[in-house]
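Peer 1: Give me the fold of what follows.
(one chain, ligands or ions: 1)
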Amino acid sequence: MFNSLVESIGILGRAVLDSSPEGILLADREGNIVYANNSYTLICRNDGQKRIGQNILKTNPYGALTEVILTGQPVFGKKHLPPGAQTEVLSNAFPIHIDNQFVGAIVFFRGVPEAMNMLDKLAKAREDIRISSDRSNQIGQAIYDFNTIAGQTQCFKEAVTIAKRVSRTDSTVLLRGESGTGKQLFAEAIHNNSTRRYQPFVNVNCAAVPDSLLESEFFGYEKGSFTGAGHQKIGTFELANQGTIFLDEIGDMDLRLQAKLLQVLQSGKFRRLGGTKEIKVNTRVIAATNRNLEELITKDLFRIDLYYRLNVVSIEIPPLRERIDDIPLVARNLLPKISCRVGRVIKGLENEALGKLANHCWPGNIRELENVLEKAGTLCDGEWIKADDICLSPLPSQKPESIVSLEELERSMISRALAKYGPSLAGKKEAAQALGISLTTLYNKLRKFKCD
Ligand SMILES: Nc1ncnc2c1ncn2[C@@H]1O[C@H](COP(=O)(O)OP(=O)(O)OP(=O)(O)O)[C@@H](O)[C@H]1O
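Peer 2: From the prediction side, this is the model:
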């Protein structure tokens, strides 16, 4: 068995085994060592040639090779100090079969420090993969550019002109306008028209992330910095480095974080939570709000210094009711999107349908128009939307002289107040105050009208 196994290795087999950086020992089925490669000698600092002919069951009764000889089963990741060796090794050993006959076993091993080093590299590679997949999940895509923003009315064109101008600079921009007017669209278009367009565009909705998590969302954290921080997290400011961060609903940010944000805007530097290293970023900031920041300042809900810092260039996006003439153009622009959503081609709107849209006051702006058209596209039976396909929520301003029920009036005022102040808790508080009712009453009415 001894000689036949040695012969079976052949010249090529020896050359291959000798070139391996792993230590290798081969034993026949009785445990007699028939081969040791060069790396065996280097790793164990023990002459491999002297081991040939020794029986592994006697010389190393607890090693991986012995275990395979005794059980016929492979052994993985066994840590062990071989006899005569000066360092522990980490071994994988396998049985060898020829013509279905168990003829012996082979062990591959590395010195533990070297194996640990490889495990470290593996862990690092895993972490790199996790971080980059985290990044790709968080980095949004800026799709829109100025060609896709529809609007021909004077007030709208003025907003677009300022946005185009500012896109060529690195200035901080504050986009203002009611909910659904297209602030996000403007932010994307500014990024895509800037020299940063091939860099990340990262979108953070300050109202959607709980205050307690917003800080770590912005600045990231180090592993172990708090219970549950099992790994390092890169914050959105760092993810947006060289690119643009879009801080949507900035008026809903909590005061403590406003102070931190101001500090970062002033210095361009921050530390991850639990971190000691200062991280410097070159991130362009575009903020947006549908709240009245000046009013929030008077109520001590928004920092005046942050306001000045953000308000370097302010762009007011007009509500749709102030650009009713744009409705045919905007609706036409929305039709390809609507066609995709409803699953068939909608070619356009009949004139009567357009007239009906022009008589509405659009508290939800273009987002509301988009929803109305989607519903109409679903209901219409041809390729053209008719007036009857259009369902608008009843609003008193549709026809000034028309009389509507008190319930309709109430519903409409609530939806206007929410469109003005936003759907967040802070927005609802303000809406309730403006409507002269308590927050609880507002919630009850929202439940009643099923519009919460
Ligand atoms: N000029 C436009 N042309 C075509 N579609 C538009 C236009 N402006 C906005 N939209 C569409 O209207 C919807 C609302 O736009 P967007 O999200 O940018 O509004 P917003 O002002 O950021 O709203 P919010 O304050 O609620 O976050 C989006 O689906 C957007 O694609």
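Peer 1: Can you tell me which helix or strand of the protein has the lowest average pLDDT?
Peer 2: strand 139-140 (a mean of 66; mean pLDDT, DSSP states H and E).
Peer 1: After that one, which helix or strand is next? Please name it.
Peer 2: Proceeding N to C from strand 139-140, the next assigned helix or strand is helix 154-167, under DSSP states H and E.
Peer 1: That following helix near the ligand anywhere?
Peer 2: No - Helix 154-167 does not reach the ligand (CB under 6 Å from any ligand atom); its nearest approach is 7.7 Å. (C-beta placed from N, C-alpha, C; glycine too.)
Peer 1: which residues does whichever residue of the stretch 151-300 of the chain sits closest to the ligand contact?
Peer 2: Nearest residue of the stretch 151-300 of the chain to the ligand: residue 182, at 2.7 Å (CB to the nearest ligand atom). With contacts defined as CB atoms under 8 Å, 6 or more residues apart in numbering, the neighbours of residue 182 are 149, 317, 365-366.
Peer 1: same question, residue 159
Peer 2: 186, 315-318.
Peer 1: In the stretch 251-400 of the chain, mark out all the strands, start to finish.
Peer 2: 269-271, 278-280, 284-289, 313-316, 348-349, 384-385 (DSSP state E, counting those that start in this stretch).
Peer 1: Ok, the stretch 101-250 of the chain next?
Peer 2: According to DSSP E, counting those that start in this stretch, the strands that the stretch 101-250 of the chain contains are 101-111, 139-140, 173-176, 201-205, 220-221, 233-234, 244-248.
Peer 1: rank the ones you listed by mean pLDDT and give me the bottom one.
Peer 2: Lowest mean pLDDT within the strands of the stretch 101-250 of the chain: strand 139-140, at a mean of 66.
Peer 1: pretty sure residue 347 contacts residue 383?
Peer 2: Yes - contact status for residue 347 versus residue 383: in contact at 4.4 Å, counting by CB atoms under 8 Å.
Peer 1: what is the residue nearest to residue 89 when sequence neighbours are not counted paired to in the beta sheet?
Peer 2: Spatial nearest neighbour of residue 89, chain neighbours left out: residue 109 (4.1 Å); criterion: CB to CB, 6 or more residues apart in numbering. Legend: beta-bridge partners of residue 109 under DSSP bridges are residue 23, residue 91.
Peer 1: Report the contact partners of residue 109.
Peer 2: Residues in contact with residue 109 (CB under 8 Å, 6+ apart) are 22-24, 43, 64, 89-92.
Peer 1: likewise residue 428?
Peer 2: 418, 421, 439, 442-443.
Peer 1: The helix or strand where it lies: how far from the chain's middle?
Peer 2: Using DSSP H and E, residue 428 falls within helix 425-435. Relative to its chain's centre, helix 425-435 lies at 31 Å (CA atoms, centre = their mean, to the nearest Å).
Peer 1: After it, which helix or strand is next? Please name it.
Peer 2: Taking DSSP H and E, what comes next after helix 425-435 is helix 439-448.
Peer 1: who does that following helix touch, helix- and strand-wise?
Peer 2: helix 406-421, helix 425-435 (3 or more CB pairs under 8 Å, 6 or more residues apart in numbering; DSSP states H and E).
Peer 1: Is the shortest one in proximity to the ligand?
Peer 2: Pointing back at helix 425-435 there. No - applying CB under 6 Å from any ligand atom, one finds helix 425-435 separated from the ligand by no less than 10.4 Å.
Peer 1: Can you give me the buried ones in that helix?
Peer 2: Neighbour-count burial for helix 425-435, counted by 16 or more other CB atoms under 10 Å, picks out 426-428, 430-432, 435.
Peer 1: How about stretch 343-351?
Peer 2: Those would be 346, 349-350, for stretch 343-351 by 16+ other CB under 10 Å.
Peer 1: try stretch 305-319
Peer 2: Here stretch 305-319 shows 306-307, 309-310, 313, 315, 317-319 as buried, counting by 16+ other CB under 10 Å.
Peer 1: Can you check the distance spanned by it, start to finish?
Peer 2: 28 Å (CA to CA, to the nearest Å).
Peer 1: Now find how far off-centre that stretch is within its chain.
Peer 2: With CA atoms, centre = their mean, you get 26 Å for stretch 305-319.
Peer 1: gap between the residue nearest to residue 89 and residue 433?
Peer 2: As defined by CB to CB, to the nearest Å, residue 109 lies at a distance of 73 Å from residue 433.
Peer 1: what about the helices in the stretch 251-400 of the chain?
Peer 2: Using DSSP state H, counting those that start in this stretch, the helices of the stretch 251-400 of the chain run over 255-267, 293-298, 304-310, 327-342, 351-358, 365-379.
Peer 1: what would those look like in TSV with distance to residue 56?
Peer 2: Formatted as TSV, these follow (distance: least, CB to CB, whole Å):
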stretch	distance to residue 56
helix 255-267	63
helix 293-298	79
helix 304-310	73
helix 327-342	69
helix 351-358	87
helix 365-379	75
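Peer 1: need those helices in a markdown table with mean pLDDT and distance to the ligand, can you?
Peer 2: What follows is the helices of the stretch 251-400 of the chain, written out as a markdown table (pLDDT from 0 to 100; distance: least, CB to the nearest ligand atom, whole Å):
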| stretch | mean pLDDT | distance to the ligand |
| --- | --- | --- |
| helix 255-267 | 90 | 19 |
| helix 293-298 | 92 | 14 |
| helix 304-310 | 94 | 16 |
| helix 327-342 | 91 | 5 |
| helix 351-358 | 92 | 14 |
| helix 365-379 | 92 | 4 |
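Peer 1: Please identify the deepest-packed of the ones you listed.
Peer 2: helix 365-379 (a mean of 19; mean count of other CB atoms under 10 Å).
Peer 1: Now do that one: which elements does it pack against?
Peer 2: helix 327-342, helix 351-358, strand 384-385.
Peer 1: Run through who's touching that helix.
Peer 2: Residues contacting helix 365-379 (CB under 8 Å, 6+ apart): 177-182, 319-320, 327, 330-331, 334-335, 337-339, 341-342, 346, 353, 357, 362, 364, 385, 389-392, 419.
Peer 1: and with 6 Å instead?
Peer 2: The contact list for helix 365-379 (CB atoms under 6 Å, 6 or more residues apart in numbering) reads 178, 180-182, 319-320, 334, 338, 341-342, 346, 362, 385, 389-391.
Peer 1: Render the CA-only coordinates of it in CSV, please.
Peer 2: Output in CSV follows, covering the C-alpha atoms of helix 365-379 (Å, rounded to 0.1, in the frame of the first residue of the first chain):
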residue,chain,number,x,y,z
ASN,A,365,-50.6,70.2,-6.3
ILE,A,366,-48.9,68.0,-9.0
ARG,A,367,-49.0,65.0,-6.8
GLU,A,368,-52.8,65.4,-6.6
LEU,A,369,-53.0,65.9,-10.3
GLU,A,370,-51.0,62.7,-10.9
ASN,A,371,-53.3,60.7,-8.6
VAL,A,372,-56.4,62.2,-10.3
LEU,A,373,-55.1,61.3,-13.8
GLU,A,374,-54.1,57.8,-12.6
LYS,A,375,-57.7,57.2,-11.4
ALA,A,376,-59.1,58.7,-14.6
GLY,A,377,-56.7,56.5,-16.7
THR,A,378,-58.0,53.4,-14.9
LEU,A,379,-61.6,54.4,-15.3
